[in-house]
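I'd like to go over a predicted model; first the sequence, then the structure.
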Amino acid sequence: MGSKISIAVLASGRGSNFQAIINGIAKGEVNADIKVLITNNPEAQAIERAKKAKIPIEIIDEKKSGMREQLDLEIKKTLDKYNVDLVVLAGYMKLIKSKELLQAYRNRIINIHPSLLPAFQGLHAQKQAFDYGAKVSGLTIHFLDEQLDHGPIIYQEAVDISDCKDEEEAAEKILNREHKAYKKVIDSFSKGKYVIEGRRAKFVPY
Ligand code: GAR
């Protein structure tokens with residue numbers, strides 16, 4: 001079964017991936033404890049989800065914390081306080097720029113992106129794919145590095161969007177798969193470790 005890992009989740013909005021992780025833990029599919037939800041958005045729906053699940057919430061309102069760089073430093077301070085094994089970005093829509101944060105948590109921050117990277121980086125990846133006419137898009141789970149949607153790849157999955165009639169349908173189809181994939185990948189951290197080999201993160205079981 002491996003040993004339970006402690007995680008922090010960062011989310012900016014709806015938080016459906018966050019909810020999938022909460023549910024996965026409750027069902028015993030994810031061998032983890034969520035120590036804290038951190039959000040930059042006081043209006044995030046994720047906050048309600050955390051309250052219901054009795055997960056501590058830290059709101060770091062970027063508008064109040066003054067300079068943009070301050071946000072990352074506040075996040076680092078908060079992460080240090082909760083002492084987690086893994087930091088999970090789940091719809092966290094701010095670029096993490098601070099070298100101090102990235103270096104302190106190197107290969108311990110993971111992100112999920114709704115496309116097969118390097119295709120369709122940045123915002124609204126599902127709309128980008130749909131508008132491009134892509135028949136296949138997908139999702140990527142990767143470690144964070146200094147560049148946008150770029151770090152070593154942990155997991156990718158293709159999703160057929162050829163029959164989707166609009167971008168919303170494509171986004172929904174990808175999102176359903178995100179929920180399942182993120183749970184599995186987070187759980188895998190309790191069963192082994194990832195070794196970085198070039199651009200890929202390779203799973204080595206305990
Ligand atoms: C998800 O589709 C996630 O992959 C995406 O935002 C959505 C958040 O939904 N993230 C990015 O685009 C990051 N570049 P959620 O808040 O319901 O989990």
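Now that the structure is in, tell me what you want to look at.

what about the residue nearest to residue 169 when sequence neighbours are not counted, how many residues close to it?
Counting by Cβ to Cβ, 6 or more residues apart in numbering, residue 161 is the residue found nearest to residue 169 once chain neighbours are left out, at 7.9 Å. C-beta coordinates here come from the backbone N, C-alpha and C atoms, glycine included. For residue 161, the count of nearby residues is 21 (other Cβ atoms under 10 Å).

Enumerate every residue touching residue 161.
Residues near residue 161 by Cβ atoms under 8 Å, 6 or more residues apart in numbering: 129, 130, 134, 135, 136, 137, 169, 170, 173, 174.

Closest one of those to the ligand?
Lowest distance from the ligand to those (Cβ to the nearest ligand atom) belongs to residue 174, with 6.7 Å.

is residue 193 in a bridge, and if so with what?
When bridges are called by DSSP bridges, residue 193 pairs up with residue 204.

quick one: least confident helix or strand in this structure?
When the helices and strands of the chain are scored by mean pLDDT, DSSP states H and E, helix 68-82 comes last with a mean of 93.

could you say what helices and strands it packs with?
With contacts defined as 3 or more Cβ pairs under 8 Å, 6 or more residues apart in numbering; DSSP states H and E, the packing partners of helix 68-82 are strand 5-10, strand 32-39, helix 99-104.
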